[in-house]
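Asks: Just a sequence and a predicted model for now, questions to come.
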Amino acid sequence: MSPSPSSRPAPSSPENSAAAPPPSLTEIEPYGVERIPDADRGASPLDLFRLAFGGANTFSTCVLGAFPILFGLSFWQGLAATLLGVLAGALILCPMAVFGPVNGTNNAVSSSAHLGVHGRVIGSFLSLLTAVAFFSLSVWSSGDALVGGAHRLFGLARGDLSYVVAYALFAGLVLVVCVYGFRFMLFVNKIAVVSATVLFLLGAVAFAGDFDPSYAGIFTDSADAATRDLFWPSFIGSALIVLSNPVSFGAFLGDWSRYIPASTPHRRVIGAAFLSQIATLVPFVFGLATASIIATQAPKYVDPAAPDFVGGLLAVSPSWFFLPVCLIALIGGMSTGTTALYGTGLDFSSVFPRLSRVQATVLIGMLSIAFIFVGRFGFNLVQSISTFATMIITCTTPWMVVMMLGFLTRRGWYDPDALQVFNRRQRGGRYWFAHGWNWRGLTAWWVSAVIGVLFTNIPGQFVGPLGDLADGIDIGLPLSLTVSAVLFLTLLWLFPEPRAVYGPQGARLVRTVDVPVPEITGPGTEADEGRRVPVV
């Protein structure tokens with residue numbers, strides 16, 4: 001599919017004039033969530049790959065990669081669960097990359113077309129929760145690695161003060177990068193993609209002598225019947241935790257792909273997003289392999305009741321690898337933290353119009369940092385971060401399904417001006433639906449999300465009220481995916497949307513109804529200008 005002409009500026013638009021030289025890295029990004037002019041879109045699918053891969057090429061992904069071992073799987077069973085999770089997650093995620101180039105804005109704003117002018121705040125809320133969860137995981141894992149490495153190298157005390165300083169400095173650096181914006185973040189990720197990958201491959205050399213691919217886990221032939229019954233719940237649970245990593249980027253892809261020109265073929269954009277997640281097998285397998293070594297040589301660090309992957313990694317690492325561990329923590333953590341935090345600050349500058357992008361980024365960053373310290377030192381929430389992330393993904397995935405099916409039924413056609421109604425504090429337009437809410441998409445989302453939570457079963461962490469109906473297997477996410485797709489298409493067929501939202505080529509797969517489009521009114525419109533009293 002190619003972008004509709006109506007989704008791009010006219011050829012005579014000043015936006016299509018010769019592009020000015022790109023701003024310097026130290027120039028603060030001027031754009032919020034308004035449509036990026038074509039002349040200022042200088043990014044490529046390769047840049048999208050760097051941002052999406054760089055954001056996951058870090059210790060936080062290694063921590064998620066260790067969960068198959070924590071759940072008792074063997075190395076090969078864990079590898080199969082990891083491959084399944086990464087591949088499924090990449091396939092679910094990659095279509096979300098097309099909204100940015102088509103609409104020139106982020107995915108939460110684009111969701112106005114399917115959830116309504118006001119319903120788009122659902123995407124903003126989901127992105128906030130996702131950003132806080134993965135930003136926190138990044139700061140915790142990277143901060144712990146820095147303190148642990150400094151302790152082994154220089155004898156630094158591993159007290160609370162050391163962790164406070166490490167977390168504060170690390171979170172502060174991430175916040176500075178996010179304030180400067182897209183180009184600075186892209187610069188950081190260009191470095192992170194290459195350097196972190198090299199360091200992980202260096203880790204393969206460091207642990208080659210200790211790694212034993214025959215690590216058996218607990219589901220062996222000699223295991224009792226009760227233990228063997230837990231195999232499939234543990235396997236599926238591991239795959240879903242791995243899958244949560246690629247799916248977590250769903251709300252953020254548009255933050256970066258909006259700088260890609262609208263004329264870029266969709267297959268290249270989708271391919272870049274897909275390959276960026278396949279590449280995360282590097283940190284995932286590193287986490288899986290080293291976790292199997294830890295389970296053999298230092299099993300106290302993989303106790304499911306109190307896992308400490310970073311501590312275990314430092315305990316089994318050769319001394320010459322301590323410095324690379326610290327570098328991975330610094331470089332990779334910066335990449336993950338910036339990709340998680342940047343988009344949320346960007347989006348909340350539109351939810352709260354009194355705040356600029358910079359102000360919103362600082363506000364969300366400070367709240368996230370407060371959550372980090374409370375969770376780490378107050379309530380010990382670190383052990384529950386995987387549960388938190390999985391629950392967020394269970395709620396985010398049906399939102400993504402509504403978006404992707406909406407794109408399919410609309411044939412990729414959108415009205416960029418109508419998408420900005422909420423941000424301008426206006427009313428009306430093609431996506432006004434029922435007072436700014438499209439109950440079809442909203443119903444498909446919340447019903448599917450609730451069903452997903454009810455059927456969630458994460459061994460030893462969270463079991464929904466209906467989580468045991470499938471013999472302990474977590475079917476929450478597959479159910480929410482299926483229900484959201486079937487319910488949304490059914491509602492679109494039974495209760496057709498206005499013909500005007502589908503553009504010149506009409507709808508695909510669903511019916512439409514001819515109803516008038518409400519006029520856009522409010523600040524900046526002709527009607528608003530007419531109401532103003534001229535100054536004499």
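Replies: Sure thing, it's come through.
Asks: Only C-alpha atoms from now on, for both contacts and neighbour counts.
Replies: Noted.
Asks: Please state the mean pLDDT value computed over stretch 433-444.
Replies: In this model, stretch 433-444 has an average pLDDT of 96.
Asks: same question, stretch 224-243
Replies: 89.
Asks: List the buried residues of that stretch.
Replies: Neighbour counts over stretch 224-243 (16 or more other C-alpha atoms under 10 Å) mark 230-231, 233-243 as buried.
Asks: Can I get that stretch in PDB, CA atoms only?
Replies: What follows is stretch 224-243, C-alpha atoms only, in PDB (Å, rounded to 0.1, in the frame of the first residue of the first chain):
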ATOM      1  CA  ASP A 224       8.000 -35.700  39.700                       C
ATOM      2  CA  ALA A 225       4.600 -35.500  38.000                       C
ATOM      3  CA  ALA A 226       3.700 -32.200  39.700                       C
ATOM      4  CA  THR A 227       6.800 -30.600  38.300                       C
ATOM      5  CA  ARG A 228       6.300 -31.900  34.800                       C
ATOM      6  CA  ASP A 229       2.800 -30.500  34.800                       C
ATOM      7  CA  LEU A 230       4.300 -27.100  35.100                       C
ATOM      8  CA  PHE A 231       6.300 -27.300  31.900                       C
ATOM      9  CA  TRP A 232       3.900 -25.800  29.400                       C
ATOM     10  CA  PRO A 233       2.700 -23.000  31.800                       C
ATOM     11  CA  SER A 234       6.400 -22.200  32.300                       C
ATOM     12  CA  PHE A 235       7.200 -22.400  28.600                       C
ATOM     13  CA  ILE A 236       4.300 -20.200  27.500                       C
ATOM     14  CA  GLY A 237       4.900 -17.800  30.400                       C
ATOM     15  CA  SER A 238       8.600 -17.500  29.300                       C
ATOM     16  CA  ALA A 239       7.600 -16.800  25.700                       C
ATOM     17  CA  LEU A 240       5.100 -14.200  26.700                       C
ATOM     18  CA  ILE A 241       7.600 -12.300  28.900                       C
ATOM     19  CA  VAL A 242      10.000 -12.300  25.900                       C
ATOM     20  CA  LEU A 243       7.200 -11.200  23.600                       C
END
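Asks: For the nearest residue in space to Gly271 that is not next to it in sequence, give me its contacts.
Replies: Using C-alpha to C-alpha, 6 or more residues apart in numbering and skipping residues adjacent in sequence, the residue nearest Gly271 is Cys94, 7.2 Å away. Listed by C-alpha atoms under 8 Å, 6 or more residues apart in numbering, the contact set of Cys94 reads Ile270, Gly271, Ala272, Ala273, Phe274.
Asks: Dump those residues to CSV, plus secondary structure and pLDDT.
Replies: Shown next, in CSV, are the contacts of Cys94 (DSSP: H, G, I helix; E, B strand; the rest coil; pLDDT from 0 to 100):
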residue, secondary structure, pLDDT
Ile270, helix, 97
Gly271, helix, 97
Ala272, helix, 97
Ala273, helix, 97
Phe274, helix, 97
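Asks: who wins for neighbours among those residues?
Replies: Ala273 (31 neighbours; other C-alpha atoms under 10 Å).
Asks: Name all residues that make contact with that one.
Replies: Here Ala273 is in contact with Leu48, Phe49, Ala52, Ala90, Leu93, Cys94, Ala97 (C-alpha under 8 Å, 6+ apart).
Asks: Could you identify the most distant pair in those residues?
Replies: Leu48 and Ala90 (14.0 Å; C-alpha to C-alpha).
Asks: Now do Asp212, the pLDDT please.
Replies: 94.
Asks: Next, count neighbours for it.
Replies: Neighbour tally, Asp212, other C-alpha under 10 Å: 15.
Asks: Name the nearest of the buried residues of stretch 224-243 relative to Thr280.
Replies: Val242 (10.3 Å).
Asks: The closest one against Leu79, yeah?
Replies: No: in terms of C-alpha atoms under 8 Å, Val242 does not count as a neighbour of Leu79; the distance is 10.7 Å.
Asks: what about stretch 167-178, average pLDDT?
Replies: Mean predicted lDDT for stretch 167-178 stands at 81.
Asks: what distance separates it from the middle of the whole chain?
Replies: Centroid displacement of stretch 167-178 relative to its chain, using C-alpha atoms, centre = their mean, to the nearest Å, is 19 Å.
Asks: in the stretch 301-450 of the chain, which spans are helices?
Replies: 309-316, 322-351, 357-373, 385-409, 416-419, 439-454 (DSSP state H, counting those that start in this stretch).
Asks: rank those by mean pLDDT and give me the bottom one.
Replies: Ranked by mean pLDDT, the helices of the stretch 301-450 of the chain bottom out at helix 322-351, with a mean of 75.
Asks: Just name whatever secondary elements it is in contact with.
Replies: helix 45-54, helix 59-65, helix 121-154, helix 160-180, helix 182-207, helix 357-373 (3 or more C-alpha pairs under 8 Å, 6 or more residues apart in numbering; DSSP states H and E).
Asks: Please report the distance of the nearest residue to Thr339 once chain neighbours are set aside from Ile36.
Replies: Excluding its sequence neighbours, the residue lying closest to Thr339 (C-alpha to C-alpha, 6+ apart) is Gly55, at 5.7 Å. Note on Gly55: its distance to Ile36, by C-alpha to C-alpha, to the nearest Å, is 23 Å.
Asks: Which one's more surrounded, these two?
Replies: Gly55 (28 against 21).
Asks: doesn't Tyr342 make contact with the more buried one?
Replies: No: at 11.4 Å, Gly55 does not count as touching Tyr342 under the criterion of C-alpha under 8 Å.
Asks: re the thing from before, go through the buried residues of stretch 224-243 and name the one nearest Asp40.
Replies: Among the buried residues of stretch 224-243, and counting by C-alpha to C-alpha, the member closest to Asp40 is Leu243, at 33.8 Å.
Asks: Now that Gly148 has come up, it's in contact with Gly159, right?
Replies: No: between Gly148 and Gly159 there is no contact under C-alpha under 8 Å: 10.5 Å.
Asks: Which one's more surrounded, those two?
Replies: Between Gly148 and Gly159, Gly148 has the larger neighbour count (other C-alpha under 10 Å), namely 26 against 9.
Asks: show me the contacts for that one.
Replies: Contacts of Gly148 (C-alpha under 8 Å, 6+ apart): Arg158, Gly311, Leu314.
Asks: Count the neighbours of the closest residue to Ile392 other than its chain neighbours for me.
Replies: Closest residue in space to Ile392, ignoring its immediate chain neighbours: Thr130 at 6.5 Å, by C-alpha to C-alpha, 6+ apart. For Thr130, the neighbour count with other C-alpha under 10 Å is 27.
Asks: List the residues that contact Thr130.
Replies: Thr130 neighbours (C-alpha under 8 Å, 6+ apart): Ser248, Ala340, Ala389, Ile392.
Asks: ditto for Arg410
Replies: Here Arg410 is in contact with Val501, Tyr502, Gly503, Gly506, Ala507, Arg508 (criterion: C-alpha under 8 Å, 6+ apart).
Asks: got a pLDDT number for the residue lying closest to the second one once chain neighbours are set aside?
Replies: In this structure, Tyr502 finds its nearest non-sequential neighbour in Arg410, 5.0 Å apart by C-alpha to C-alpha, 6+ apart. According to the prediction, Arg410 has pLDDT 96.
Asks: Quick check: which of the helices of the stretch 301-450 of the chain is nearest to Leu479?
Replies: Smallest distance to Leu479 across those (C-alpha to C-alpha): 6.2 Å, for helix 439-454.
Asks: Check which residues of that closest one are buried.
Replies: Under the neighbour-count criterion of 16+ other C-alpha under 10 Å, helix 439-454 has 439-449, 451-454 buried.
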